[in-house]
Structure formats: C-alpha cells, structure tokens
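[1] Sequence and predicted structure are below.
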Amino acid sequence: MKKIYALINGKIILENNIIENKVLIFNEKIIDILNPNDLDKYPNVIPIDVKGNYISPGFIDIHIHGAGSSDAMDGTPEAIENISKTVAKTGTTSFLPATMTMDKQSIYKALDAIKKGMKNKTTGAKVLGAHLEGPFINEKYKGAQDSKYIMKPDYDFIKDYLDVIKIITLAPEMDNQYEFITKTKENTDIVLSIGHSNATYSEAKKAIKKGISHGTHLFNAMSPMHHREPGVVGAIFNTNTTCELIADKIHVHPELFQLILNIKGKNNLVLITDSMRAGGLKEGIYELGGQKVIVKDNSARLENNTLAGSVLTLNKAVKNILDNTKLNLNEAVKLVTLNPAKVIGIDDKKGSIAIGKNADITVFNKDFNIHLTIVEGNIAYNNL
C-alpha cells in the first residue's frame, strides 16, 4: 500500500489565493485539502509539520544548463542526476536541461543523456525533456555560444529526438522561407522560441505568425527595441507570445521587471535560471560549452566579459521579482510553476496545487529559503 502523507501547519499557495489552517494530503498525487479536524479520514497518514512555512507548487525551470559542477553538455546520466539533486535544494521539482551550440555529436550525446534521465527516475528534480538552445542561432547574438558550430535550422538534425526536445531556441531569420518552423509546427508539439536572433521586427512578427510562440531570455541575445526598428524585443512585446526572464538583476535591470509585466501580463512571463555548472558553488573559474567562465559577484562571464548564463536559483528569482514588482506572493510563484507548465503543455499534471495533480511541492519560508522539496510524492530534499 502506498504511503500517504499530510503536510500540516503550513500556508498553502493555491492558484489564486493562499489558505491557512488546512492540511494537504498526498502520495504521488495530491489527494485532498482538508481541515485539521478531518485528518482522521486518513487513518494511516504520515504527518509532516512544516512549521508555519509556505507550501507551494514545485518550481519548474524550463531553461537551465547546469548546476553543482555538472552541465547538460557533459553528456552523461551522472551529470543530469547531479543537476537534478542540486536544483532540488532550491525548490525545483522539474526541469528542462538546456544544450549549447557545439558539434553535432556532443549535442546528441547530451540529448541521449537527457533521454535516459527522463526514463530512469532521478533522485532530485524530474527531467521533463530538453531545451535545444542552438545551434540554429545568429552569430551576431551568439552570446556565450561557440560560433564555429552555428548552422541553419535543419529538421533532419532534430528528427531522431522529437520525443526528448520540448523547446527549441532559434533565430528565425536563419530559417529559409520559415521552412523549419513550418515543418516543426506541423509534425511536433515542440515549442519554438525566438532567441539569439538579429531578426528585424517584421521578420520576428512573421516567424511568430508561422509558429514561434515563446521568447528566450527576454532582452538578452536578441535585437533590441529601437523607436525606428522595434526588433525582436518589440515583436515579443507586441504579440501574445510567452517569454522567459533571467531575474538575477544582472541580465535585466530590476526597474524593468514591472514594465515587462505591464506589457506582457502576469500569465505570459516565465522566470528561468539559465544557470551554468557553477550554480550553487563558490566563485571561481568554470567552463561552459568549452569556454572559460569566470564567476564573481553573482555573475558568470566569459573572459571578454560576455554574460555566460547565470548562477541564479529559482527561489532567488521569485524573491527578486517579488521585491521589485507589485505582484503578490501567489502571483510571483506562478511565474515558476503554472506559467512554465503551460508553456510546455503539462499544466494538467503540474504547476499548481490541485487534487489529482502530481505531488510536486516546495516548502519555503518568508525569505525563500527552501525547507522541503517533494517530487511526485517523494522527498527529494529535507531541511525542516
């Protein structure tokens, strides 16, 4: 018989409000939310006292390269497992490991490792699939990617991994007659995201009309918004696409956080980490896509000072957005739970605390320190 647990003495963050003096009952799925006096309805339940902390849906990171000294491009199941365990400590219950613009064999090796991570249960956060970031990008906005491996969008490149890839970041101006976008939308459920792109406003709008529905790390590595050429940023702002934000206060100035929400709306914004292997580690010299990265003062940069991902965690991202916008707590939490779940089409299973959904649960305090992370009913991290 499956064990049934009860989270007691916590403030439960629901989709539209926060409730107190209730008990959350779960095994691998959420079973019930009831009054403490009704707990005898489940006679063999195992109580877990969360000591007045917040009970939140588990965080979902749809764009992360690495953490805890491992990177998706290491191409091993051990690296994926280590990332999984590391991010669970920061409240993340599921994630999409992101690839880099490298040689085809290295990308395929990474995708194979991610596929194994999807099939063989990790002990930390669940692997949902892959975010293919590159090689279909524009050299002008390559960021920390290696330009010698950039190539035009090619459906044959991805055809053997349609069951693994959930998001593809691409520069649509590199796609001849939008053939790749059209074929991918016709044959798959993969989310196409504009990023690392020098597209004009007109090109970006056409690509969105053809099937791009998401924007990769808004403002970063894309043609900026100018009053005579609105660029990719303008196209994202002026359409109903969802978009990512690296809310570390380094990639984007925090004074812009509220402006982004005013324009895009709180249902179209997703917080990501874009974390590289130094996530969760001390300052020092690391590596990303074969390139030297210097981590100092909470930022990760190449030797030429180009930002190279981040060392951000999702719990810190939520705190940063809450501190710099008018959002209330349950609205801010949605940016790392329900919103990313909707982007990749898993909101029927994950993204909110509701009866019948997966028991993906994060417990944190008022300072967003993580005390408990539960992945599909299993305790992945416990610091109560």
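    Structure's in. What do you need?

[2] and K140, how far is that from I150?
    K140 is 10 Å from I150, where distance means Cβ to Cβ, to the nearest Å. Just so you know, the C-beta spots here come from the backbone N, C-alpha and C atoms, and that holds for glycine as well.

[3] Tell me, please, where in the chain the pLDDT is lower than the cut-off.
    The model of the chain has pLDDT under 70 over residues 1.

[4] 80 - rerun?
    Low-confidence regions of the chain, defined here as pLDDT under 80, cover residues 1, 289-290.

[5] how about the helices in it?
    Counting by DSSP state H, one finds helices in the chain at the ranges 77-88, 104-119, 155-158, 179-187, 201-210, 231-237, 257-264, 314-323, 329-334, 338-343.

[6] Distance from the first one to the middle of the chain?
    Think helix 77-88. 15 Å (Cα atoms, centre = their mean, to the nearest Å).

[7] Go through the helices of the chain and name the closest to D274.
    Proximity of the helices of the chain to D274 was assessed by Cβ to Cβ; the nearest stretch is helix 314-323, lying at 10.1 Å.

[8] Strands along the stretch 251-384 of the chain, start to end?
    Listed in chain order, the strands of the stretch 251-384 of the chain (DSSP state E, counting those that start in this stretch) span 269-272, 284-288, 291-296, 299-302, 361-364, 370-375, 378-382.

[9] okay, K140 and I150: which has more neighbours?
    I150 (18 against 12; other Cβ atoms under 10 Å).

[10] residues in contact with that one?
    By Cβ atoms under 8 Å, 6 or more residues apart in numbering, the residues touching I150 are 101, 134-139, 142.

[11] For G351, see how far away it is.
    Applying Cβ to Cβ, the value for I150 to G351 is 34 Å.

[12] In PyMOL, how would I select the buried members of the contacts of I150?
    Applying 16 or more other Cβ atoms under 10 Å to the contacts of I150 leaves a buried subset, and the PyMOL line that selects it is:
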select buried, resi 101+134+135+136+137+138+142
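
[13] Let's have the contacts of I150 in TSV, adding distance to Y42.
    Listed next are the contacts of I150 as TSV, based on distance: Cβ to Cβ, whole Å:
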residue	distance to Y42
T101	51
G134	49
P135	51
F136	51
I137	52
N138	56
E139	59
K142	54
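
[14] nearest to E203, of the contacts of I150?
    Among these, and counting by Cβ to Cβ, the member closest to E203 is N138, at 10.8 Å.

[15] just checking, the closest one touches L170?
    No. In terms of Cβ atoms under 8 Å, N138 does not count as a neighbour of L170; the distance is 9.2 Å.

[16] Please identify every residue contacting each of those two.
    Taking Cβ under 8 Å, 6+ apart as the contact rule, N138 and L170 both touch 196-197.

[17] ok, T123 touching E81?
    Yes. In this structure, T123 is within contact of E81 by Cβ under 8 Å, at 6.8 Å.

[18] In terms of neighbours, single out the busier of the two.
    A count of neighbours by other Cβ under 10 Å puts E81 above the other of T123 and E81, at 21 against 13.

[19] gap between that one and V127?
    When distances are taken as Cβ to Cβ, E81 and V127 turn out to be 9 Å apart.

[20] ok, now I167?
    The spacing between I167 and V127, counted by Cβ to Cβ, is 14 Å.
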